[in-house]
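Peer 1: this one's structure only:
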(Lines give C-alpha, C1' and ligand atoms only; values in the text may rest on other atoms or scores of the structure.)
Protein backbone atom coordinates (compact mmCIF):
# COMPACT_ATOMS: atom_id res chain seq x y z
CA UNK A 1 0.00 0.00 0.00
CA UNK A 2 2.90 2.37 0.43
CA UNK A 3 2.83 3.54 -3.14
CA UNK A 4 -0.86 4.27 -3.22
CA UNK A 5 -2.52 7.44 -1.97
CA UNK A 6 -0.14 9.66 -3.89
CA UNK A 7 -1.06 13.10 -5.13
CA UNK A 8 0.61 12.85 -8.50
CA UNK A 9 1.84 16.31 -9.45
CA UNK A 10 2.33 16.38 -13.18
CA UNK A 11 2.88 18.84 -15.99
CA UNK A 12 2.49 19.21 -19.71
CA UNK A 13 4.28 21.50 -22.13
CA UNK A 14 3.15 22.72 -25.54
CA UNK A 15 5.32 25.00 -27.71
CA UNK A 16 4.01 27.06 -30.62
CA UNK A 17 5.71 29.19 -33.23
CA UNK A 18 3.53 32.20 -33.98
CA UNK A 19 4.30 34.09 -37.19
CA UNK A 20 3.54 37.73 -37.85
CA UNK A 21 0.67 36.80 -40.15
CA UNK A 22 -1.01 35.00 -37.28
CA UNK A 23 -0.17 31.48 -38.35
CA UNK A 24 0.47 29.15 -35.40
CA UNK A 25 2.58 26.03 -35.65
CA UNK A 26 2.74 23.56 -32.78
CA UNK A 27 6.31 22.29 -32.56
CA UNK A 28 6.28 20.39 -29.28
CA UNK A 29 3.67 18.65 -27.12
CA UNK A 30 4.70 16.38 -24.26
CA UNK A 31 4.73 15.79 -20.52
CA UNK A 32 7.37 17.44 -18.37
CA UNK A 33 9.14 16.66 -15.13
CA UNK A 34 8.30 18.26 -11.82
CA UNK A 35 11.62 18.54 -10.02
CA UNK A 36 12.47 18.09 -6.38
CA UNK A 37 12.70 21.85 -6.01
CA UNK A 38 8.92 21.94 -6.06
CA UNK A 39 8.94 19.69 -3.02
CA UNK A 40 11.38 21.94 -1.23
CA UNK A 41 9.04 24.86 -1.77
CA UNK A 42 5.97 22.93 -0.68
CA UNK A 43 7.74 21.63 2.41
CA UNK A 44 8.80 25.11 3.42
CA UNK A 45 5.33 26.50 2.76
CA UNK A 46 3.27 23.92 4.62
CA UNK A 47 5.65 23.74 7.56
CA UNK A 48 5.56 27.52 7.80
CA UNK A 49 9.34 27.59 7.96
CA UNK A 50 10.37 29.39 4.79
CA UNK A 51 9.88 32.89 3.48
CA UNK A 52 7.48 35.14 5.35
CA UNK A 53 5.95 36.61 2.19
CA UNK A 54 3.53 34.30 0.37
CA UNK A 55 4.52 35.67 -3.03
CA UNK A 56 7.91 34.03 -2.62
CA UNK A 57 6.18 30.68 -3.17
CA UNK A 58 4.85 31.68 -6.57
CA UNK A 59 6.32 30.29 -9.79
CA UNK A 60 7.11 33.56 -11.53
CA UNK A 61 10.30 32.98 -13.51
CA UNK A 62 11.44 30.85 -16.38
CA UNK A 63 14.72 30.19 -18.13
CA UNK A 64 15.50 29.00 -21.63
CA UNK A 65 18.63 27.05 -22.45
CA UNK A 66 20.65 25.57 -25.26
CA UNK A 67 22.06 22.26 -24.04
CA UNK A 68 18.88 20.30 -23.42
CA UNK A 69 19.81 17.79 -26.11
CA UNK A 70 22.25 16.23 -23.69
CA UNK A 71 19.40 15.61 -21.25
CA UNK A 72 16.65 14.54 -23.57
CA UNK A 73 16.76 10.89 -22.50
CA UNK A 74 18.05 11.09 -18.96
CA UNK A 75 16.53 14.01 -17.10
CA UNK A 76 14.67 13.56 -13.83
CA UNK A 77 13.38 14.99 -10.59
CA UNK A 78 16.84 15.78 -9.29
CA UNK A 79 17.55 18.55 -11.82
CA UNK A 80 18.33 21.85 -10.10
CA UNK A 81 19.20 23.94 -13.15
CA UNK A 82 19.15 23.97 -16.92
CA UNK A 83 22.23 22.48 -18.55
CA UNK A 84 23.08 25.80 -20.19
CA UNK A 85 20.71 28.59 -19.28
CA UNK A 86 20.66 31.79 -21.29
CA UNK A 87 22.25 34.80 -19.67
CA UNK A 88 25.64 33.33 -18.95
CA UNK A 89 27.16 34.64 -22.19
CA UNK A 90 25.71 38.10 -22.67
CA UNK A 91 23.53 38.60 -19.60
CA UNK A 92 20.03 39.90 -20.24
CA UNK A 93 20.94 40.50 -23.90
CA UNK A 94 20.71 36.73 -24.42
CA UNK A 95 16.96 37.19 -23.87
CA UNK A 96 16.47 40.77 -25.02
CA UNK A 97 18.31 40.51 -28.30
CA UNK A 98 16.81 43.75 -29.64
CA UNK A 99 16.34 47.06 -27.92
CA UNK A 100 12.60 46.92 -28.41
CA UNK A 101 12.18 43.42 -26.96
CA UNK A 102 9.15 43.18 -24.71
CA UNK A 103 10.37 40.15 -22.79
CA UNK A 104 10.86 41.23 -19.16
CA UNK A 105 14.03 39.85 -17.59
CA UNK A 106 15.12 39.67 -13.94
CA UNK A 107 18.57 38.94 -12.50
CA UNK A 108 19.21 37.20 -9.18
CA UNK A 109 20.48 33.97 -7.61
CA UNK A 110 19.63 30.35 -8.38
CA UNK A 111 19.25 27.79 -5.58
CA UNK A 112 21.37 24.65 -5.39
CA UNK A 113 19.86 21.47 -3.92
CA UNK A 114 21.39 22.32 -0.54
CA UNK A 115 19.85 25.78 -0.49
CA UNK A 116 23.02 27.70 -1.34
CA UNK A 117 23.48 29.98 -4.35
CA UNK A 118 24.62 28.20 -7.50
CA UNK A 119 27.44 29.82 -9.47
CA UNK A 120 27.16 30.55 -13.16
CA UNK A 121 29.70 29.13 -15.60
CA UNK A 122 32.61 31.25 -16.77
CA UNK A 123 32.81 33.63 -13.88
CA UNK A 124 31.51 36.70 -15.70
CA UNK A 125 28.27 36.91 -13.77
CA UNK A 126 29.22 35.18 -10.51
CA UNK A 127 26.05 34.01 -8.75
CA UNK A 128 23.75 36.18 -10.85
CA UNK A 129 21.40 34.34 -13.21
CA UNK A 130 18.95 35.79 -15.69
CA UNK A 131 15.28 34.82 -15.79
CA UNK A 132 12.28 35.60 -17.90
CA UNK A 133 9.50 37.09 -15.77
CA UNK A 134 6.01 35.54 -15.67
CA UNK A 135 3.34 38.17 -15.16
CA UNK A 136 -0.01 37.76 -13.37
CA UNK A 137 -1.97 37.74 -16.59
CA UNK A 138 0.11 34.87 -17.96
CA UNK A 139 -1.39 32.45 -15.45
CA UNK A 140 -4.71 30.81 -16.20
CA UNK A 141 -6.64 28.49 -13.90
CA UNK A 142 -7.84 25.55 -15.98
CA UNK A 143 -9.74 23.78 -13.23
CA UNK A 144 -9.61 23.40 -9.46
CA UNK A 145 -6.33 21.56 -9.56
CA UNK A 146 -4.69 22.74 -12.79
CA UNK A 147 -2.92 25.93 -13.87
CA UNK A 148 -1.52 26.94 -17.25
CA UNK A 149 1.42 29.33 -17.53
CA UNK A 150 1.57 31.05 -20.91
CA UNK A 151 5.13 32.21 -21.58
CA UNK A 152 5.56 34.57 -24.49
CA UNK A 153 8.96 35.02 -26.15
CA UNK A 154 8.39 37.78 -28.67
CA UNK A 155 9.81 38.02 -32.18
CA UNK A 156 12.64 40.27 -31.05
CA UNK A 157 13.79 38.02 -28.20
CA UNK A 158 16.47 35.29 -28.08
CA UNK A 159 17.59 35.84 -31.67
CA UNK A 160 21.32 36.35 -31.34
CA UNK A 161 22.14 32.84 -30.22
CA UNK A 162 24.47 30.62 -32.15
CA UNK A 163 22.77 27.44 -30.96
CA UNK A 164 19.10 26.48 -30.91
CA UNK A 165 16.88 26.67 -27.86
CA UNK A 166 16.09 23.23 -26.49
CA UNK A 167 15.38 23.38 -22.75
CA UNK A 168 13.15 25.34 -20.40
CA UNK A 169 12.57 25.54 -16.66
CA UNK A 170 10.00 27.06 -14.28
CA UNK A 171 11.20 28.63 -11.05
CA UNK A 172 9.70 29.49 -7.68
CA UNK A 173 10.57 33.03 -6.61
CA UNK A 174 12.39 32.77 -3.30
CA UNK A 175 10.96 30.15 -0.88
CA UNK A 176 13.80 30.52 1.60
CA UNK A 177 13.17 34.24 1.83
CA UNK A 178 16.83 35.14 1.41
CA UNK A 179 17.67 38.83 1.25
CA UNK A 180 19.01 38.42 -2.28
CA UNK A 181 16.29 36.64 -4.20
CA UNK A 182 17.18 32.98 -4.78
CA UNK A 183 14.87 31.02 -7.09
CA UNK A 184 14.74 27.25 -7.43
CA UNK A 185 13.84 25.02 -10.35
CA UNK A 186 10.40 23.42 -9.99
CA UNK A 187 9.73 22.01 -13.47
CA UNK A 188 12.03 21.17 -16.35
CA UNK A 189 11.77 19.96 -19.93
CA UNK A 190 14.26 19.56 -22.76
CA UNK A 191 12.62 19.90 -26.15
CA UNK A 192 13.43 19.58 -29.83
CA UNK A 193 15.78 22.21 -31.26
CA UNK A 194 14.27 25.58 -32.16
CA UNK A 195 16.60 28.13 -33.72
CA UNK A 196 14.90 31.37 -32.80
CA UNK A 197 14.66 34.12 -35.43
CA UNK A 198 12.66 37.31 -35.77
CA UNK A 199 10.29 35.53 -38.15
CA UNK A 200 8.25 34.17 -35.28
CA UNK A 201 7.41 34.43 -31.60
CA UNK A 202 7.44 31.41 -29.29
CA UNK A 203 4.56 30.62 -26.98
CA UNK A 204 5.07 28.04 -24.25
CA UNK A 205 1.85 26.70 -22.68
CA UNK A 206 2.87 24.93 -19.53
CA UNK A 207 0.15 23.21 -17.50
CA UNK A 208 0.70 21.95 -13.95
CA UNK A 209 -1.74 19.52 -12.32
CA UNK A 210 -1.96 19.09 -8.55
CA UNK B 1 4.57 13.20 -6.37
CA UNK B 2 3.34 14.28 -2.99
CA UNK B 3 2.73 11.49 -0.54
CA UNK B 4 2.05 11.12 3.10
CA UNK B 5 2.66 8.65 5.86
CA UNK B 6 0.85 8.20 9.11
CA UNK B 7 1.58 6.22 12.23
CA UNK B 8 -0.96 5.77 15.02
CA UNK B 9 0.25 4.44 18.36
CA UNK B 10 -1.45 3.55 21.61
CA UNK B 11 0.67 4.91 24.45
CA UNK B 12 -0.18 3.56 27.91
CA UNK B 13 0.48 5.35 31.16
CA UNK B 14 3.40 3.02 31.97
CA UNK B 15 5.09 4.10 28.75
CA UNK B 16 4.21 1.00 26.75
CA UNK B 17 3.71 1.82 23.08
CA UNK B 18 1.70 -0.22 20.61
CA UNK B 19 1.62 0.74 16.93
CA UNK B 20 -1.83 0.23 15.45
CA UNK B 21 -1.30 1.86 12.05
CA UNK B 22 1.80 2.52 9.95
CA UNK B 23 1.05 3.24 6.33
CA UNK B 24 0.52 5.83 3.61
CA UNK B 25 -2.26 8.38 3.87
CA UNK B 26 -4.18 10.24 1.21
CA UNK B 27 -3.19 13.77 0.26
CA UNK B 28 -6.50 15.34 -0.66
CA UNK B 29 -7.34 17.78 -3.42
CA UNK B 30 -7.47 20.68 -0.98
CA UNK B 31 -3.70 20.77 -0.61
CA UNK B 32 -3.12 21.07 -4.34
CA UNK B 33 -5.85 23.61 -4.98
CA UNK B 34 -4.65 25.81 -2.13
CA UNK B 35 -1.15 25.83 -3.64
CA UNK B 36 -2.58 26.86 -7.01
CA UNK B 37 -4.57 29.61 -5.27
CA UNK B 38 -1.24 31.01 -4.11
CA UNK B 39 0.04 31.09 -7.67
CA UNK B 40 -2.86 33.31 -8.69
CA UNK B 41 -2.87 35.52 -5.60
CA UNK B 42 -6.18 33.88 -4.82
CA UNK B 43 -5.58 32.51 -1.35
CA UNK B 44 -4.59 33.84 2.03
CA UNK B 45 -1.58 36.19 2.03
CA UNK B 46 -0.40 34.69 5.33
CA UNK B 47 1.95 31.68 5.36
CA UNK B 48 0.58 30.28 8.62
CA UNK B 49 -2.87 29.88 7.06
CA UNK B 50 -1.53 27.02 4.93
CA UNK B 51 0.04 25.05 7.77
CA UNK B 52 -1.68 22.08 9.48
CA UNK B 53 -3.56 23.58 12.40
CA UNK B 54 -6.67 21.46 12.97
CA UNK B 55 -7.66 17.81 12.98
CA UNK B 56 -10.78 15.74 13.21
CA UNK B 57 -11.41 12.21 14.40
CA UNK B 58 -14.25 10.13 13.05
CA UNK B 59 -16.11 6.88 13.29
CA UNK B 60 -16.83 5.97 9.68
CA UNK B 61 -14.81 6.00 6.43
CA UNK B 62 -14.70 7.88 3.16
CA UNK B 63 -14.90 5.21 0.53
CA UNK B 64 -12.29 6.55 -1.87
CA UNK B 65 -10.30 4.27 -4.15
CA UNK B 66 -6.67 4.61 -3.12
CA UNK B 67 -5.52 2.96 -6.34
CA UNK B 68 -6.92 5.66 -8.59
CA UNK B 69 -5.20 8.80 -9.78
CA UNK B 70 -6.09 12.41 -9.27
CA UNK B 71 -7.80 12.64 -12.64
CA UNK B 72 -10.48 10.26 -11.42
CA UNK B 73 -11.29 12.70 -8.61
CA UNK B 74 -10.55 10.06 -5.98
CA UNK B 75 -8.94 12.66 -3.73
CA UNK B 76 -11.62 15.29 -4.21
CA UNK B 77 -13.32 15.37 -0.84
CA UNK B 78 -13.12 17.84 1.99
CA UNK B 79 -14.61 16.10 5.00
CA UNK B 80 -14.47 13.08 7.22
CA UNK B 81 -17.31 10.65 6.78
CA UNK B 82 -18.52 10.96 10.37
CA UNK B 83 -16.48 13.44 12.43
CA UNK B 84 -16.74 13.58 16.20
CA UNK B 85 -19.28 15.94 17.72
CA UNK B 86 -18.26 18.06 20.68
CA UNK B 87 -19.67 15.43 23.06
CA UNK B 88 -17.80 12.60 21.33
CA UNK B 89 -14.46 14.00 22.46
CA UNK B 90 -15.59 13.59 26.09
CA UNK B 91 -16.33 15.93 28.99
CA UNK B 92 -12.86 15.61 30.47
CA UNK B 93 -10.84 15.98 27.32
CA UNK B 94 -7.77 18.16 27.55
CA UNK B 95 -7.82 18.85 23.83
CA UNK B 96 -8.32 22.38 22.63
CA UNK B 97 -11.64 21.99 20.80
CA UNK B 98 -12.96 24.78 18.65
CA UNK B 99 -15.90 25.36 16.36
CA UNK B 100 -14.74 26.44 12.92
CA UNK B 101 -16.23 26.96 9.47
CA UNK B 102 -14.96 23.90 7.61
CA UNK B 103 -14.20 24.92 4.04
CA UNK B 104 -15.04 22.94 0.94
CA UNK B 105 -15.62 23.34 -2.77
CA UNK B 106 -19.22 22.98 -3.91
CA UNK B 107 -20.46 22.51 -7.45
CA UNK B 108 -23.72 23.12 -9.25
CA UNK B 109 -25.55 21.16 -11.92
CA UNK B 110 -28.41 23.62 -12.34
CA UNK B 111 -26.61 26.82 -13.35
CA UNK B 112 -26.09 28.03 -9.82
CA UNK B 113 -29.56 27.53 -8.36
CA UNK B 114 -28.25 24.95 -5.91
CA UNK B 115 -24.76 23.84 -4.90
CA UNK B 116 -23.62 20.62 -3.28
CA UNK B 117 -20.31 19.87 -1.60
CA UNK B 118 -17.98 18.05 -4.01
CA UNK B 119 -17.51 14.51 -2.84
CA UNK B 120 -15.46 12.16 -5.02
CA UNK B 121 -16.60 14.10 -8.07
CA UNK B 122 -15.13 16.58 -10.51
CA UNK B 123 -16.70 19.70 -12.05
CA UNK B 124 -15.92 22.52 -14.43
CA UNK B 125 -14.26 25.44 -12.71
CA UNK B 126 -17.14 27.71 -13.68
CA UNK B 127 -19.52 25.43 -11.77
CA UNK B 128 -17.54 25.52 -8.52
CA UNK B 129 -17.73 27.86 -5.56
CA UNK B 130 -16.17 27.79 -2.12
CA UNK B 131 -18.45 27.23 0.83
CA UNK B 132 -18.41 25.76 4.32
CA UNK B 133 -20.23 24.63 7.43
CA UNK B 134 -19.57 24.81 11.15
CA UNK B 135 -17.93 21.77 12.72
CA UNK B 136 -15.76 20.95 15.71
CA UNK B 137 -12.00 20.55 15.43
CA UNK B 138 -9.11 19.69 17.66
CA UNK B 139 -6.21 22.09 17.45
CA UNK B 140 -2.76 20.87 16.52
CA UNK B 141 -0.67 22.12 19.40
CA UNK B 142 1.67 24.98 18.68
CA UNK B 143 5.15 23.69 17.94
CA UNK B 144 3.87 20.34 16.69
CA UNK B 145 4.54 21.10 13.06
CA UNK B 146 8.11 20.96 11.86
CA UNK B 147 10.37 19.78 9.08
CA UNK B 148 12.75 16.91 8.67
CA UNK B 149 13.96 16.49 5.12
CA UNK B 150 14.14 19.66 3.09
CA UNK B 151 11.10 18.60 1.10
CA UNK B 152 8.75 17.27 3.78
CA UNK B 153 7.01 18.33 6.94
CA UNK B 154 5.47 16.49 9.83
CA UNK B 155 2.96 17.14 12.55
CA UNK B 156 1.74 15.37 15.64
CA UNK B 157 -1.68 14.95 17.24
CA UNK B 158 -2.32 13.45 20.66
CA UNK B 159 -5.74 12.15 21.70
CA UNK B 160 -5.15 11.90 25.42
CA UNK B 161 -6.48 9.36 27.92
CA UNK B 162 -9.54 11.49 28.62
CA UNK B 163 -10.57 11.96 25.00
CA UNK B 164 -12.83 9.97 22.73
CA UNK B 165 -13.33 7.12 25.17
CA UNK B 166 -15.99 4.57 24.23
CA UNK B 167 -15.70 5.43 20.54
CA UNK B 168 -14.51 3.21 17.73
CA UNK B 169 -12.16 5.48 15.82
CA UNK B 170 -11.78 4.67 12.12
CA UNK B 171 -10.66 7.89 10.40
CA UNK B 172 -8.46 10.93 10.87
CA UNK B 173 -8.23 14.17 8.95
CA UNK B 174 -5.56 16.88 8.97
CA UNK B 175 -6.70 20.38 8.04
CA UNK B 176 -4.84 23.49 6.87
CA UNK B 177 -5.64 26.49 9.03
CA UNK B 178 -7.31 28.96 6.69
CA UNK B 179 -5.99 28.80 3.11
CA UNK B 180 -8.75 31.02 1.75
CA UNK B 181 -7.76 33.77 4.16
CA UNK B 182 -11.19 34.39 5.62
CA UNK B 183 -11.69 36.67 8.60
CA UNK B 184 -12.12 33.62 10.85
CA UNK B 185 -10.36 30.32 10.25
CA UNK B 186 -11.95 28.07 7.64
CA UNK B 187 -10.02 24.77 7.83
CA UNK B 188 -9.48 22.83 4.61
CA UNK B 189 -8.80 19.08 4.57
CA UNK B 190 -5.26 18.34 3.35
CA UNK B 191 -4.69 14.69 4.37
CA UNK B 192 -6.91 11.78 5.32
CA UNK B 193 -6.61 8.20 6.53
CA UNK B 194 -9.15 5.53 7.35
CA UNK B 195 -8.20 2.36 9.20
CA UNK B 196 -9.49 -0.62 11.15
CA UNK B 197 -11.44 0.49 14.22
CA UNK B 198 -9.50 1.42 17.34
CA UNK B 199 -11.69 1.22 20.44
CA UNK B 200 -10.55 4.18 22.49
CA UNK B 201 -10.41 3.72 26.25
CA UNK B 202 -9.00 5.65 29.22
CA UNK B 203 -6.11 3.18 29.40
CA UNK B 204 -4.12 4.82 26.62
CA UNK B 205 -3.50 7.98 24.64
CA UNK B 206 -3.59 7.83 20.88
CA UNK B 207 -0.54 9.49 19.32
CA UNK B 208 -0.79 10.28 15.61
CA UNK B 209 2.25 11.30 13.57
CA UNK B 210 1.78 12.63 10.04
CA UNK B 211 4.48 13.14 7.48
CA UNK B 212 3.78 14.76 4.13
CA UNK B 213 6.50 15.12 1.58
CA UNK B 214 7.56 15.29 -2.00
CA UNK B 215 9.04 12.20 -3.56
CA UNK B 216 12.17 13.69 -4.99
CA UNK B 217 15.28 14.39 -3.01
CA UNK B 218 14.74 11.41 -0.77
CA UNK B 219 12.69 8.40 -1.76
CA UNK B 220 12.16 7.49 1.87
CA UNK B 221 10.44 10.74 2.63
CA UNK B 222 7.21 9.06 3.65
CA UNK B 223 8.88 6.56 5.90
CA UNK B 224 10.59 8.76 8.41
CA UNK B 225 9.27 10.39 11.47
CA UNK B 226 11.48 12.16 13.94
CA UNK B 227 9.01 13.06 16.66
CA UNK B 228 11.61 15.58 17.71
CA UNK B 229 9.44 18.63 17.89
CA UNK B 230 11.78 20.21 20.38
CA UNK B 231 14.09 21.00 17.46
CA UNK B 232 13.80 24.59 16.44
CA UNK B 233 13.14 25.06 12.76
CA UNK B 234 16.31 27.12 12.61
CA UNK B 235 18.30 24.07 13.69
CA UNK B 236 16.98 22.14 10.73
CA UNK B 237 17.26 25.01 8.29
CA UNK B 238 19.81 27.42 9.64
CA UNK B 239 19.69 29.66 6.61
CA UNK B 240 15.99 30.36 6.90
CA UNK B 241 14.94 33.77 8.16
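Peer 2: Nice, I can see it. Bear in mind that the values here come from a model prediction, so they are computed numbers and not experimental data. Numbering: from 1, shown residues only, chains lettered A, B, ... in the order given.

Peer 1: count the residues that sit near the residue nearest to residue A:72 when sequence neighbours are not counted.
Peer 2: With CB to CB, 6 or more residues apart in numbering or on different chains as the criterion, residue A:72 has its nearest non-adjacent residue at 4.7 Å, and that residue is residue A:190. All C-beta atoms are positioned from the backbone trio N, CA, C, and that covers glycine. Neighbours of residue A:190 under the rule other CB atoms under 10 Å in any protein chain shown: 26.

Peer 1: which helix or strand contains residue A:190?
Peer 2: Counting by DSSP states H and E, the element that carries residue A:190 is strand A:182-194.

Peer 1: I'd like the next helix or strand past that strand.
Peer 2: Using DSSP H and E, the first helix or strand after strand A:182-194 is strand A:200-209.

Peer 1: returning to that earlier point: pLDDT (mean, whole number) over the strand holding residue A:190?
Peer 2: Strand A:182-194 shows a mean pLDDT of 95.

Peer 1: could you check the pLDDT of residue B:225?
Peer 2: 44.

Peer 1: buried ones in the host helix or strand of residue A:142?
Peer 2: Following DSSP H and E, one finds residue A:142 within strand A:139-143. Neighbour counts using 16 or more other CB atoms under 10 Å in any protein chain shown place A:139, A:141 of strand A:139-143 among the buried residues.

Peer 1: what is that strand packed up against?
Peer 2: strand A:146-153 (3 or more CB pairs under 8 Å, 6 or more residues apart in numbering or on different chains; DSSP states H and E).

Peer 1: the strand it packs on vs strand A:139-143, what angle?
Peer 2: 150 degrees (axes from the mean of the first three to the mean of the last three CA atoms, to 10 degrees).

Peer 1: partners of strand A:146-153, with directions?
Peer 2: Applying DSSP bridges, strand A:146-153 is found paired with strand A:139-143 (antiparallel), strand A:200-209 (antiparallel).

Peer 1: would you turn those into JSON lines with distance to residue B:89?
Peer 2: What follows is the strands paired with strand A:146-153, written out as JSON lines (distance: least, CB to CB, whole Å):
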{"stretch": "strand A:139-143", "distance to residue B:89": "37"}
{"stretch": "strand A:200-209", "distance to residue B:89": "37"}
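
Peer 1: wait, which of those is closest to residue B:36?
Peer 2: strand A:139-143 (6.8 Å; CB to CB).

Peer 1: quick one: low-confidence parts of chain B?
Peer 2: B:1, B:65-74, B:142-143, B:145-151, B:214-241 (pLDDT under 70).

Peer 1: most centrally placed residue in it?
Peer 2: residue B:174 (1.0 Å; CA atoms, centre = their mean).

Peer 1: beta partners for it?
Peer 2: With DSSP bridges as the rule, residue B:174 is bridged to residue B:55, residue B:191.

Peer 1: from residue A:46, how far off is it?
Peer 2: 10 Å (CB to CB, to the nearest Å).

Peer 1: between these two, what contacts are shared?
Peer 2: Shared contacts of residue B:174 and residue A:46 (CB atoms under 8 Å, 6 or more residues apart in numbering or on different chains): B:52, B:190.

Peer 1: neighbours around whichever residue of chain A sits closest to chain B, how many?
Peer 2: With CB to the nearest CB as the measure, residue A:39 is the residue of chain A nearest to chain B, at 2.3 Å. As a burial measure, residue A:39 scores 26 neighbours (other CB under 10 Å).

Peer 1: so it belongs to a helix, correct?
Peer 2: Yes - judged by DSSP: H, G, I helix; E, B strand; the rest coil, residue A:39 forms part of a helix.

Peer 1: that one reaches residue B:153, doesn't it?
Peer 2: No - with contact defined as CB atoms under 8 Å, residue A:39 does not count as touching residue B:153 (10.4 Å).

Peer 1: name the residues contacting each of those two.
Peer 2: By CB under 8 Å, 6+ apart, the residues touching both residue A:39 and residue B:153 are residue B:213.

Peer 1: who's in contact with the residue nearest to the centre of chain B?
Peer 2: With the criterion set at CB under 8 Å, 6+ apart, residue B:174 makes contact with B:52, B:54-55, B:140, B:155, B:157, B:189-192, B:210.

Peer 1: any idea how far it lies from residue B:19?
Peer 2: 19 Å.
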